[in-house]
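1. quick one, what's the 3D model for this:
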Amino acid sequence: MALLCRIATTPFGAELILEQKALGALSALEVFNAHPDILSYTSASMDIDFLPSIAIRYLQLLTPALALCRVVLITLGKHNESAVLQVFSFILSHSDAIAQILRSGNPFLRLPFLKELAQITALIAFTTNQTVNDDLEYDVSQENLSHLHRIKKLMFSLVPRFVISDSLIRNINTTRTDVKKGKSEVVCNVLEVAGNLLMYVRNLTTLSSADRRLTTPVLVPVFNDTLRSAEDMDVVTKDLSLGVIVTQLVQCVAHYHRERANVNLLSSTLSSVPSLTSTALQDYLPEGSKNVQSLEELQYLASTEVSERLADKKLELSRCLFIIEHCFYLIWSHLDYYMLRAIPSTSYGISLKPSPLPNSKTPKQMSDITWNVSINEIRQLKEGLTSIFNETFCKSLVELSEEETSTNKGFIEALLRRLKKLLQFVPEKPGSFITNGTADKSLTH
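-> Modelled structure (predicted):
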């Protein structure tokens, strides 16, 4: 499998693997359907010993297969239909095991299972876009179509479980006893899962076309009661609310700024290691090296340890920024739809359902974009977002934009400007969208 992954890193090699039906052979393996019970390992040791546990042996088989699928997708791109269909065929062939992984998913899984969840959610996100999904719905059987809808429902249910709140990070740091070396790897995997889930939602929303304004809304325009939903680990919901995405954005921005301060502290510590005394260096030494006496060796060990911590924190920041950008895009795209293009279905005094008459003059486009939402719900959504995007929060977002790379420079600022314009519009009466002249000062230019 390692050799196949190496071959798949080139376009020619990836296409060769697809031509030879290597992924089809993996889809036919029955061993992947025998996934061990995840919850039974929450309190048991999963350390690789002389005789690894059943879960570890299973993951030693599944992980390389997932890695091969991911390398093929990365090499050929998510818009390569042959790659997407073969990888999704692998997912559907083992849909029961995939559903078990998603149903048991939560931030407090043992680290091997958390890594597995990150791989699975990444594959599902990579293979999801509206055009390919439409093709799948026409091509696959009714049984596979039901598996597809079940995966969508389970992915939606995972989103509120992985809201990056301060309490979640504290619980990870205080309760995780299964990791020997810090908790940063656990946090990074939690952030990766959260990012994969949001990428999945975004791919469902965005059409594979040149016009990125053509969106398919998948988030319910409900803003209230999001914290309760975010803390509920047992509920599997069909719909995902926009308020959960807003909560994720707010919490992730706060986490980013907290960790940014830690990165600055670690950077200054790394530069000052050569001037620290042996006593001061003890705080930065890895476990098992407290008895080292040589100052040069102490400095080397401390420098290596601080460098690793710094690299982990920078990885956290990059994944956190990835989450923030996807949350922001989802909020803007759905607000753009609800404010400017959606037709509230109960506000016009007429039925917008498609007429059974062949010569009906009801526009098909009008019936297609009807959404079961009232003007009051849109107004409540606008008021909730206005309270969140105040001057302080907007300033913190602008600070994030200043730290972006050159390729992403200005992305958050551009979306923030568009969001401010949208929040100045709200329907006051049926059939009209008028400018709200009393908009918050932080939402005006």
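2. gap between the residue nearest to Glu413 when sequence neighbours are not counted and Ser165?
-> Spatial nearest neighbour of Glu413, chain neighbours left out: Ser401 (4.8 Å); criterion: C-beta to C-beta, 6 or more residues apart in numbering. For every residue, glycine as well, the C-beta is placed using N, CA and C. Computed as C-beta to C-beta, to the nearest Å, the Ser401 to Ser165 distance reads 23 Å.
3. check the gap between the residue nearest to Glu413 and Leu310 for me.
-> To Leu310, Ser401 is 23 Å away according to C-beta to C-beta.
4. for Phe389, same thing?
-> Look at Phe389 and Leu310: by C-beta to C-beta, they are 32 Å apart.
5. so which of those two has more stuff around it?
-> Phe389 (22 against 17; other C-beta atoms under 10 Å).
6. phi first, then psi, for the more buried one.
-> Dihedral pair for Phe389: phi -90, psi 60, per degrees, to the nearest 10.
7. that one contacts Arg418, doesn't it?
-> No - counting by C-beta atoms under 8 Å, Phe389 stays clear of Arg418, with 11.9 Å between them.
8. which ones are touching the residue nearest the centre of the chain?
-> Centroid-nearest residue in the chain, with C-alpha atoms, centre = their mean: Gly195, separated by 2.4 Å. Going by C-beta atoms under 8 Å, 6 or more residues apart in numbering, Gly195 touches 319, 322-323, 326.
9. now rank the residues you listed by neighbours and give me the top one.
-> Ranked by neighbours (other C-beta under 10 Å), those are led by Ile323, which has 27 neighbours.
10. for the helix or strand hosting that residue, packing partners?
-> Assigned by DSSP states H and E, Ile323 belongs to helix 295-336. For helix 295-336, the packing partners by 3 or more C-beta pairs under 8 Å, 6 or more residues apart in numbering; DSSP states H and E come out as helix 184-205, helix 242-272, helix 278-281, helix 375-388, helix 391-402, helix 411-423.
11. which of these is buried the deepest?
-> helix 184-205 (a mean of 23; mean count of other C-beta atoms under 10 Å).
12. show me how far it is from its chain's centre.
-> With C-alpha atoms, centre = their mean, to the nearest Å as the basis, helix 184-205 stands 3 Å off its chain's centre.
13. with stretch 261-276 instead?
-> Per C-alpha atoms, centre = their mean, the centroid offset for stretch 261-276 relative to its chain is 31 Å.
14. what's the answer for stretch 101-118, then?
-> 14 Å.
15. so which bits of that stretch are buried?
-> Using 16 or more other C-beta atoms under 10 Å as the test for burial, stretch 101-118 gives 101-110, 112-118.
16. same thing with stretch 19-35?
-> When neighbours are counted by 16+ other C-beta under 10 Å, the buried residues of stretch 19-35 are found to be 22-23, 26-27, 32, 35.
17. low-confidence regions, the stretch 101-250 of the chain specifically.
-> Applying pLDDT under 70 to the stretch 101-250 of the chain flags the ranges 130-141, 176-182, 207-214, 224-238.
18. show me where it has helices.
-> Assigned by DSSP state H, counting those that start in this stretch, the stretch 101-250 of the chain shows helices spanning 111-126, 130-139, 142-161, 166-175, 184-205, 226-231, 242-272.
19. need the CA coordinates for the fifth one. CSV is fine.
-> In CSV, the C-alpha atoms belonging to helix 184-205 read as follows (Å, rounded to 0.1, in the frame of the first residue of the first chain):
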residue,chain,number,x,y,z
SER,A,184,-1.7,19.1,20.7
GLU,A,185,-2.1,16.2,18.4
VAL,A,186,-5.6,15.5,19.7
VAL,A,187,-6.5,19.2,19.2
CYS,A,188,-5.1,19.2,15.7
ASN,A,189,-7.1,16.2,14.7
VAL,A,190,-10.3,17.7,16.2
LEU,A,191,-9.7,20.8,14.2
GLU,A,192,-9.1,18.7,11.1
VAL,A,193,-12.4,16.9,11.5
ALA,A,194,-14.2,20.3,12.1
GLY,A,195,-12.6,21.7,8.9
ASN,A,196,-13.6,18.6,6.9
LEU,A,197,-17.2,18.8,8.0
LEU,A,198,-17.4,22.5,7.0
MET,A,199,-15.7,21.7,3.6
TYR,A,200,-18.4,19.0,3.1
VAL,A,201,-21.2,21.5,3.8
ARG,A,202,-19.6,24.1,1.5
ASN,A,203,-19.2,21.5,-1.3
LEU,A,204,-22.9,20.7,-1.0
THR,A,205,-23.7,24.4,-1.2
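20. next, the angle from that helix to helix 142-161.
-> 130 degrees (axes from the mean of the first three to the mean of the last three C-alpha atoms, to 10 degrees).
21. coming back round to it: what pLDDT does the model give the residue nearest to Glu413?
-> Here the pLDDT value assigned to Ser401 is 71.
22. surely it and Leu415 touch.
-> No - counting by C-beta under 8 Å, Ser401 stays clear of Leu415, with 9.5 Å between them.
23. anything in contact with each of the two?
-> With C-beta under 8 Å, 6+ apart as the test, Ser401 and Leu415 reach no residue in common.
24. right, I'll call it a day here.
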